[in-house]
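Trainee: How does the following fold in three dimensions:
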Amino acid sequence: MKKLLTKMRAGFSLAESYRQPMPVVAIHLFQGGYAYPVCPRCKITLDREYQAYCDRCGQCLSWDDFDKAIVIFRL
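Mentor: Just a heads-up that it's a prediction; the model follows:
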């Protein structure tokens with residue numbers, strides 16, 4: 001029973017970490033001029049800018065410092 005409670009607490013703390021906003025600090029720029037912001041948790045490009053959560057991993061996103069994001073060129 002004690003092990004089960006320990007696992008449950010660990011699961012809840014992981015779930016809580018997804019609720020804490022992480023700043024979007026990277027943009028992938030592809031040939032043709034297409035640019036996509038990158039999720040700070042799963043490192044996958046986002047479909048749209050300024051969405052509240054990553055549509056793939058569910059991470060809560062903060063866009064406060066997006067104007068300072070680094071641009072990563074992709075071929």
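Trainee: Next one: Val71 from Pro37, what distance?
Mentor: Counting by CB to CB, to the nearest Å, the separation of Val71 from Pro37 is 11 Å. Yep, even glycine has a C-beta here, placed from its N, CA and C like the rest.
Trainee: Asp67: what secondary structure?
Mentor: Assigned with DSSP: H, G, I helix; E, B strand; the rest coil, Asp67 falls in the helix class.
Trainee: Looking at Val71 and Pro37, which is more packed in?
Mentor: Pro37 (22 against 9; other CB atoms under 10 Å).
Trainee: sorry, back to before: which residues do Val71 and Pro37 both contact?
Mentor: Ala26, Ile27 (CB atoms under 8 Å, 6 or more residues apart in numbering).
Trainee: Which residue ranges of the chain form helices?
Mentor: 2-19 (DSSP state H).
Trainee: in it, what spans have low per-residue confidence?
Mentor: 1, 4-12 (pLDDT under 70).
Trainee: which residue is nearest the middle of it?
Mentor: Nearest to the mean C-alpha position of the chain, counting by CA atoms, centre = their mean, stands Cys39 at 3.1 Å.
Trainee: Tell me who's in contact with Ser62.
Mentor: Pro21, Met22, Pro23, Val24 are the contacts of Ser62 under CB under 8 Å, 6+ apart.
Trainee: no wait, Lys43
Mentor: Going by CB under 8 Å, 6+ apart, the list of residues near Lys43 is empty.
Trainee: gap between it and Lys3?
Mentor: Separation of Lys43 from Lys3 (CB to CB) stands at 32 Å.
Trainee: cool, Lys68 as well?
Mentor: In this view, Lys68 and Lys3 are 44 Å apart by CB to CB.
Trainee: what distance separates the start and the end of stretch 19-31?
Mentor: In stretch 19-31, first residue to last residue: 34 Å (CA to CA, to the nearest Å).
Trainee: Tell me if I'm right that His52 and Gln59 touch.
Mentor: Just to correct that, residue 52 is Ala rather than His. No: under the criterion of CB atoms under 8 Å, Ala52 is not in contact with Gln59, lying 10.1 Å apart.
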